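>>> Need coordinates for the following:
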Amino acid sequence: MNTRGCIHRKVYRAQVETMTYGQVLARFGRALSDPTRSRLLLALREAPGYPAELADLLGVSRQSLSNHLACLRGCGLVVAVPEGRRMRYELADPRLAHALADLLGVVVAVDPTVCRTADQGCC
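Now for the predicted structure:
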């Protein structure tokens, strides 16, 4: 309380950032560039999940999963929904499930003369 008897409250506002199509695709690409994040998005495409269960499903530590979830939240692809003392994670937009399904249906022809392995950094 201040001297006038008023209670000060912190007001939190979500910051909304307008991005170009290229920026949106770059964020999506960053999310998909890691195999664990890709598997996590595919798992959330099937159904919402809880961190401990998702970590077990993907075979990663809870700390690692937490870092990946933070990345996906930061990219705007995943949201955390409070359920009592637990958090449930789900895709931020149902259209992401359709986008992932569409991507899975794409046939990619890799040119081995340019990109022999994924470890070379080209893709």
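
>>> Need the pLDDT of residue 82.
Residue-level confidence at residue 82 comes out at 96, pLDDT.

>>> before we move on, what about residue 24?
Residue 24 is assigned a pLDDT of 84 by the prediction.

>>> Report the helix or strand with the lowest average pLDDT across the protein.
Between all helices and strands in the chain, the lowest mean by mean pLDDT, DSSP states H and E belongs to helix 21-32, at a mean of 88.

>>> Where does the residue most central in space within the chain sit, in terms of helix or strand?
Relative to the mean C-alpha position of the chain, the nearest C-alpha, by C-alpha atoms, centre = their mean, is the one of residue 72, at 2.2 Å. Assigned by DSSP states H and E, residue 72 belongs to helix 62-74.

>>> Specify the angle between that helix and helix 21-32 in degrees.
Following axes from the mean of the first three to the mean of the last three C-alpha atoms, to 10 degrees, one obtains 170 degrees for the angle between helix 62-74 and helix 21-32.
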